[in-house]
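J.: Compute the structure for the input listed below.
(chains A, B, C, D, E and F)
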4 protein chains.
Amino acid sequence: MAHTPPPERTPSSPVTRRRDPQATRDRLVRSALELFTSQGYHSTTTPEIAQRAGVAEGTIYRHFDSKEHLLNEIYRAGVRLFAGAVRESPATLGCRERLEGIAAAWREVAARNPAIVRLVFVNRLASLLDQKSRDASREFRADVEKLIASGKAAGEVRPGSVDVWADVWLELVGLTLERIANREWTPEHAALQHVSDGAWRAIGVSAPASPPLPSATSPPDPAPPSPA
Amino acid sequence: MAHTPPPERTPSSPVTRRRDPQATRDRLVRSALELFTSQGYHSTTTPEIAQRAGVAEGTIYRHFDSKEHLLNEIYRAGVRLFAGAVRESPATLGCRERLEGIAAAWREVAARNPAIVRLVFVNRLASLLDQKSRDASREFRADVEKLIASGKAAGEVRPGSVDVWADVWLELVGLTLERIANREWTPEHAALQHVSDGAWRAIGVSAPASPPLPSATSPPDPAPPSPA
Amino acid sequence: MAHTPPPERTPSSPVTRRRDPQATRDRLVRSALELFTSQGYHSTTTPEIAQRAGVAEGTIYRHFDSKEHLLNEIYRAGVRLFAGAVRESPATLGCRERLEGIAAAWREVAARNPAIVRLVFVNRLASLLDQKSRDASREFRADVEKLIASGKAAGEVRPGSVDVWADVWLELVGLTLERIANREWTPEHAALQHVSDGAWRAIGVSAPASPPLPSATSPPDPAPPSPA
Amino acid sequence: MAHTPPPERTPSSPVTRRRDPQATRDRLVRSALELFTSQGYHSTTTPEIAQRAGVAEGTIYRHFDSKEHLLNEIYRAGVRLFAGAVRESPATLGCRERLEGIAAAWREVAARNPAIVRLVFVNRLASLLDQKSRDASREFRADVEKLIASGKAAGEVRPGSVDVWADVWLELVGLTLERIANREWTPEHAALQHVSDGAWRAIGVSAPASPPLPSATSPPDPAPPSPA
DNA sequence: TATGAATGAGTTTTCATTCAT
DNA sequence: TATGAATGAAAACTCATTCAT
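T.: You can find the predicted model right below:
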């Protein structure tokens, strides 16, 4: 009780310790992610990334082979963040419930990591992604298609190409994530339900039958620019 | 014998070759559009644009202030191409009919101008657009929202923000245009109807009532991975 | 007679004409050659090359793909300069006469192009040369070996590997060219004959029999540091 | 029991592992020498040197002021290795015998230390050597010239500049050392005698008189391309 | 004494733009 | 109006060296 414990050497110490490589790497990732998603990859320079991370330019290259490599590592981390919810979706539920569960989980991710949404769902960086990233992206997408295919097998999804319905659903969910990332909507915003319903109505057979779940937390029509 | 008559300045005159400023400008626009949409703006160099247009590097700058200016001019031309169909949509029809008419017109545009689809609907070049382009884009979008708002006033569109339904509809139509631009679908492809229906089911109230239009040109379910 | 002729557009006009690409290229070659041979390849920076050539940095890259490419072009030009004398050596003469003729021609080259000697005969840039350069170098060397081989077939050259005698002869002639390049000796310096004789004595059978040609232009022993 | 005896500071002590500063220094020298001579000075990075020596990057700077300093220390050690044989050459012998003795000693050195040959005899690093190294090199060279000068005084060496004959002899001996360093020849290879004879024929007066020493270990003429 | 993460000046290279012709 | 050689600011990346631990 009389003595102070020696300073912890734990790498994850919250104190910004200049000589903790992992911390430096994290700062670089965060900095690059923010800049890439706000300005675009090409308009972001390596000195900018370094400056925002509070390190020297050369430090980037102790942690990443190249600017492109840095982008790819961030991209794959982003995909991993979203892919988890798909893989962990309980196969016992129906297709609609599973998709809604996944979307809900994604909303939490988006609220916590706005930038990563812009990277994974919005940006078109196809030409900048390496093989590993393309594989990760393809696997993620395949998991979603598998889920929709099973829904289709169960008669829950309308006739049409699974590939196309995956596009449709991902596009519409992406729309909501984008709004959350932009802080236009919180994950509880009523409009989310509208789009969510819409996504299912677009692809599911049972949609119209189920009445839109009444949401207690928001007015039925919060749209600002709408004259109606 | 002493002098050649000066070449006619009619732009479409077959005699005027190469030295017609308008023709040069057109060649530059076409060249830049193709390169921007296939390789991206940043990966396209001005010498490349000039070479593909068959002119010297400096010539670009007799017609456009800068590479960015060139992009913006092309972008606005693209928006104009799509905006026409919205403005000309007959106000006497119902909302659904109008939207389907617009989408059909856009499909024709997309089939004829694949590159411009990629520029206007797909690419994210927000940071490269100037005020004029942003205004054009906003006006285009406002026209679509107005149409949806009127549909909502008529009870044809589900409750929800007009702004959001515009997003939803544009996103899904954009999906089909992209496929057309990529030559994955012709403008008559059956799947188009699926997505089109889906778009309306997502935003319209009457959607479920109307049975999916049977399409004679394609099997009811072309999805490869689904056995059901 | 009353009028001045219009300025000649001949590319080789002695007037430094800034917009003559060939002249610019020549200035770059000369500049790079001088810097590479005086400071070494790695210690020479591209801004230095440009500055000494009186052009901007970027201009280098309008004429050469890279700094390494520039080096290789210069190297091959250098090899060409020396290879000519070997190929043009009259096959009717004896081996010794031919070698001496070649060496004499090379001396003229060295007197006119001191820097190129240092590049071709002295520097070891093996690792910087591309395939084309290595081929050129090998061909040059093969021509010399062929000549020596024919001398050997005629019984003029001592037993031993042709490859080794080529090394020996080239090394010793290179020694004299270096002195000429360094302006230590003129191409007529008496010591040249000493080394030349020595080279032949080293590799030829008849050497000792022929008395050293008396040279009228220099004392028999001009060596400064020698105490004898 | 309370303390371990301090490790013996004898450099060759088998107990002292890794923490003997001299051993670390030796490892660094060896590593740098191998890398410099195989890849060149400029293509070798300090992290590479450290890694091959099995130490951390910063450790180099506990033993050497800089990369250049390291090179110079190695260079001088190399010169020392060869200089010994010159200084220890018995003044009682004739010039030719002394030179041949030195060359023979050098061959042994070269066989044992191939890398150092490439550094001292082959590489051109003039611009990287400091004053001390240049002095060492000059002294070494002066010793050789003194030896040749005495031979000249004794009438054994042909007329000509001592400086030049030193060049000639060193160049040709260097040729043989290079082959030994490259493992193309063993120190007993017959061709060595050919070149050695040639070197003396080039600079000595008596050379031609003495028939080429018959070598029992090799055919009289191993040259492949020559049929004669 | 040894470590190795961090540094930042310096390097090669790119390319939108200019301007003499 | 068109040309295309030249420009030079800015980019990505390297690596010898430092210094907190």
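
J.: contacting residues around A:Thr24?
T.: A:18, A:53, A:55, A:59, A:63 (C-beta atoms under 8 Å, 6 or more residues apart in numbering or on different chains). The way it works is simple: take the backbone N, C-alpha and C, and place the C-beta from them, glycine included.

J.: any idea of the pLDDT on the last one?
T.: Looking at A:His63, its pLDDT reads 98.

J.: do the third one as well
T.: According to the per-residue confidence, A:Val55 scores 97 in pLDDT.

J.: before we move on, the earlier item: just give me the closest of the contacts of A:Thr24 to B:Pro159.
T.: Set against B:Pro159, the nearest of the contacts of A:Thr24 by C-beta to C-beta is A:Ala53 (45.5 Å).

J.: Correct me if wrong: that closest one contacts A:Glu34.
T.: No: look at A:Ala53 against A:Glu34 with C-beta atoms under 8 Å: they stay out of range, at 9.9 Å.

J.: who's more crowded, the two?
T.: In this view A:Ala53 and A:Glu34 are compared by other C-beta atoms under 10 Å in any protein chain shown, and A:Ala53 has more residues nearby, 21 against 17.

J.: and A:Pro90, how many residues sit next to it?
T.: Neighbourhood size, A:Pro90 [other C-beta under 10 Å]: 8.

J.: Now do stretch A:141-153, average pLDDT.
T.: When pLDDT is averaged over stretch A:141-153, the result is 96.

J.: Does chain B have contacts with it?
T.: Yes: with C-beta under 8 Å from any C-beta of the partner chain as the criterion, chain B is reached by stretch A:141-153 at A:145-146, A:149, A:152-153.

J.: Just the buried ones from those residues?
T.: A:145, A:149, A:152 (16 or more other C-beta atoms under 10 Å in any protein chain shown).

J.: With the flanking residues excluded, which residue is spatially nearest to A:Pro47?
T.: Of all residues beyond its chain neighbours, the one nearest A:Pro47 is A:Glu57 (5.5 Å), with distances taken as C-beta to C-beta, 6 or more residues apart in numbering or on different chains.

J.: Just to check, that neighbour is in contact with A:Glu48?
T.: No: counting by C-beta under 8 Å, A:Glu57 does not reach A:Glu48; the two are 9.7 Å apart.

J.: A:Pro187 and chain C, how far apart?
T.: Applying C-beta to the nearest C-beta, to the nearest Å, the value for A:Pro187 to chain C is 52 Å.

J.: so who does that residue touch?
T.: A:104, A:107-108, A:110-111, A:180.

J.: ok, the residues you listed vs chain D, which is closest?
T.: A:Ala110 (41.4 Å; C-beta to the nearest C-beta).

J.: Tell me which helix or strand that closest one sits in.
T.: Using DSSP states H and E, A:Ala110 falls within helix A:95-112.

J.: By mean pLDDT, flag the weakest helix or strand of chain A.
T.: Scoring the helices and strands of chain A by mean pLDDT, DSSP states H and E places helix A:190-203 at the bottom, with a mean of 93.

J.: Distance from the chain centre to that helix, please.
T.: Here helix A:190-203 is found 18 Å from its chain centre; the criterion is C-alpha atoms, centre = their mean, to the nearest Å.

J.: would you list the contacts of A:Pro187 in TSV and tack on pLDDT?
T.: Output for these, formatted as TSV (pLDDT from 0 to 100):
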residue	pLDDT
A:Ala104	95
A:Arg107	96
A:Glu108	95
A:Ala110	97
A:Ala111	96
A:Ile180	96
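
J.: By neighbours, which of the residues you listed wins?
T.: Going by other C-beta under 10 Å, A:Ala110 tops the contacts of A:Pro187 with 29 neighbours.

J.: Of the residues of stretch A:141-153 next to chain B, which is the nearest to C:Leu125?
T.: Out of these, the member with the shortest distance to C:Leu125 (by C-beta to C-beta) is A:Glu145, at 56.5 Å.

J.: If we ignore the residues flanking it in sequence, what's nearest that closest one?
T.: A:Ala166 (4.7 Å).

J.: contacts for the helix or strand A:Ile60 falls within?
T.: Assigned by DSSP H and E, A:Ile60 belongs to helix A:57-63. Helix A:57-63 is contacted by residues A:21, A:24-25, A:28, A:46-47, A:49-50, A:53, A:67, A:70 when judged by C-beta under 8 Å, 6+ apart.

J.: now that helix, how far from the chain's geometric center?
T.: Relative to its parent chain, helix A:57-63 has a centroid offset of 26 Å by C-alpha atoms, centre = their mean.

J.: Send me that helix as PDB with only the CA atoms.
T.: What follows is helix A:57-63 as a C-alpha-only set of coordinates in PDB (Å, rounded to 0.1, in the frame of the first residue of the first chain):
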ATOM      1  CA  GLU A  57       6.000  10.100 -43.100                       C
ATOM      2  CA  GLY A  58       8.500   7.200 -43.000                       C
ATOM      3  CA  THR A  59       6.700   5.600 -40.200                       C
ATOM      4  CA  ILE A  60       3.900   4.600 -42.500                       C
ATOM      5  CA  TYR A  61       6.300   2.300 -44.300                       C
ATOM      6  CA  ARG A  62       7.500   0.600 -41.200                       C
ATOM      7  CA  HIS A  63       3.900  -0.700 -40.800                       C
END
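
J.: Would you mind listing the buried residues in it?
T.: Of the residues in helix A:57-63, those buried under the neighbour-count criterion (16+ other C-beta under 10 Å) are A:59-60, A:63.

J.: That one close to DNA strand F?
T.: Yes: Helix A:57-63 comes into contact with DNA strand F (C-beta under 7 Å from any atom of the strand), by way of A:57-58, A:60-62.

J.: which of these lies closest to chain B?
T.: Lowest distance from chain B to the residues of helix A:57-63 next to DNA strand F (C-beta to the nearest C-beta) belongs to A:Ile60, with 19.7 Å.

J.: So what touches stretch A:124-134?
T.: In contact with stretch A:124-134 (C-beta under 8 Å, 6+ apart) are residues A:41, A:68-69, A:71-72, A:75-76, A:79, A:119, A:137, B:39-40, B:43, B:122-124.

J.: if we go to 6 Å?
T.: Residues outside stretch A:124-134 that contact it (C-beta atoms under 6 Å, 6 or more residues apart in numbering or on different chains) are A:71-72, A:75-76.

J.: Quick check: which of the contacts of helix A:57-63 are also close to DNA strand F?
T.: Okay, of the contacts of helix A:57-63 touching DNA strand F (C-beta under 7 Å from any atom of the strand), that's A:46-47, A:67.

J.: still on that earlier bit, and of the contacts of helix A:57-63, the nearest to chain B?
T.: Once C-beta to the nearest C-beta is applied, the member of the contacts of helix A:57-63 that ends up nearest chain B is A:Lys67, at 12.8 Å.

J.: Going by proximity to chain C, name the top residue of chain A.
T.: Counting by C-beta to the nearest C-beta, chain A gets nearest chain C through A:Ser66, at 18.7 Å.

J.: measure that residue to chain D for me?
T.: Distance from A:Ser66 to chain D, by C-beta to the nearest C-beta: 18 Å.

J.: domain assignment for chain A?
T.: A:22-64, A:68-208 (automatic domain parsing).

J.: between those domains, which gets nearest to D:Thr186?
T.: D:Thr186 lies closest, by C-beta to C-beta, to one member of the domains of chain A: domain A:22-64, at 45.8 Å.

J.: Could you work out the end-to-end span of that closest one for me?
T.: Distance between the boundary residues of domain A:22-64 (C-alpha to C-alpha, to the nearest Å) amounts to 12 Å.

J.: avg pLDDT for stretch A:32-39?
T.: Here stretch A:32-39 scores 95 as its mean pLDDT.

J.: Good, wrapping up.
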